[in-house]
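[1] The amino acid sequence is not available; the structure is as follows:
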């Protein structure tokens, strides 16, 4: 039940018109905005629009349920659950690798919108030894309670950098001698690539893959072999593809040690 969720480690309940509005505008990860059925239509429409802009769902609930969720009548008809994760900077991820005396190993999500996919990618990245993940401030899923759950808690353990521009992050990584690959159907077969050393992997959106500009900035691209024609499916799910590639990176890096 929702009222129990507010006691969980990785989420916090925010209520009140101004606090929720500021939360949505800040870009902090929000899954769902709860609106009382007693709110005037124009007020409900305003928060629905803010929620949509932030990538959250607006859900109408009975006033008595909202009171039970918040534990008070001073909710003003609006509440939202937000992730309490603290984002870090790109340099913090590189520092993680330096402190471990390991070549950097990062994952960049270029427009991954499904929170379940992002959570699964983060889970695999942690298990494969990545030092962090980079996500965009706009055009992709933030770290929300759904991402946290899909990652089996990995999103609370693997550092996450949230950046204004994925392309600029790639430029910065290349200046630090990090070789940046992207997953692309036209790339070289995965097993033919040397994936050791300082490396970053870019995974694209579920619908269109890695954006053209980002692809152009990458040093190389990798592809996954698939069964012959006639399957009726032309690509792997992005989180599955990430899992295969990240495991191969871990395998090659382990062999080199």
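    Everything's here; your move. Because the structure is a prediction, the values reported are computed rather than measured. Numbers count the residues shown, from 1 in each chain.

[2] neighbours of residue 100, just the number please.
    Here the count is done by other Cβ atoms under 10 Å, and residue 100 has 12 residues near it. No exception for glycine: its C-beta is placed from N, CA and C like everyone else's.

[3] can you start the count at 4 instead of 1 from here on
    Sure, I'll start numbering at 4, so the last one becomes residue 103.

[4] That one and residue 97, how far apart?
    For residue 103, the distance to residue 97 (Cβ to Cβ, to the nearest Å) stands at 11 Å.

[5] and for these two, which residues touch both?
    residue 134 (Cβ atoms under 8 Å, 6 or more residues apart in numbering).

[6] Next secondary structure element downstream of the helix or strand of the chain with the lowest mean pLDDT?
    Evaluated with mean pLDDT, DSSP states H and E, the helix-and-strand set of the chain has its lowest mean pLDDT in helix 5-8, which scores a mean of 34. Sequence order places strand 14-18 as the next helix or strand after helix 5-8, per DSSP states H and E.

[7] by contact count, what packs against the longest helix along the chain?
    For the chain, the helix reaching the highest residue count under DSSP state H is reported as helix 241-259. On a contact count with 3 or more Cβ pairs under 8 Å, 6 or more residues apart in numbering; DSSP states H and E, helix 241-259 meets strand 108-113, helix 118-130, strand 182-192, strand 202-207.

[8] and with 10 Å instead?
    Using 3 or more Cβ pairs under 10 Å, 6 or more residues apart in numbering; DSSP states H and E as the contact test, the elements touching helix 241-259 are strand 108-113, helix 118-130, strand 182-192, strand 202-207, strand 223-226.

[9] What are the buried residues along it?
    Burial within helix 241-259, assessed by neighbour count using 16 or more other Cβ atoms under 10 Å, is assigned to 241-242, 244-249, 251-253, 255-256.

[10] need these in TSV with pLDDT, can you?
    Supplementary listing: the buried residues of helix 241-259 in TSV, determined by pLDDT from 0 to 100:
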residue	pLDDT
241	95
242	96
244	96
245	97
246	97
247	97
248	98
249	98
251	97
252	97
253	97
255	95
256	93
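
[11] for those, which one is nearest residue 153?
    Of all these, the one sitting nearest residue 153 is residue 242; the distance, using Cβ to Cβ, is 8.8 Å.

[12] Name the nearest residue to the closest one, ignoring sequence neighbours.
    Nearest residue to residue 242, sequence neighbours excluded (Cβ to Cβ, 6 or more residues apart in numbering): residue 123, at 3.7 Å.

[13] OK, contacts around residue 256?
    With Cβ atoms under 10 Å, 6 or more residues apart in numbering as the criterion, the residues that contact residue 256 are 105, 106, 108, 131, 132, 198, 199, 200, 202.

[14] if you set the cut-off to 8 Å instead, what comes out?
    Residue 256 touches 106, 108, 132, 198, 199, counting by Cβ under 8 Å, 6+ apart.

[15] just residue 187 next, same as before
    With Cβ under 8 Å, 6+ apart as the criterion, the residues that contact residue 187 are 207, 212, 213, 218, 224, 225, 226.

[16] do that again at 6 Å, thanks
    For residue 187, the residues meeting the contact criterion (Cβ atoms under 6 Å, 6 or more residues apart in numbering) are 213, 224.
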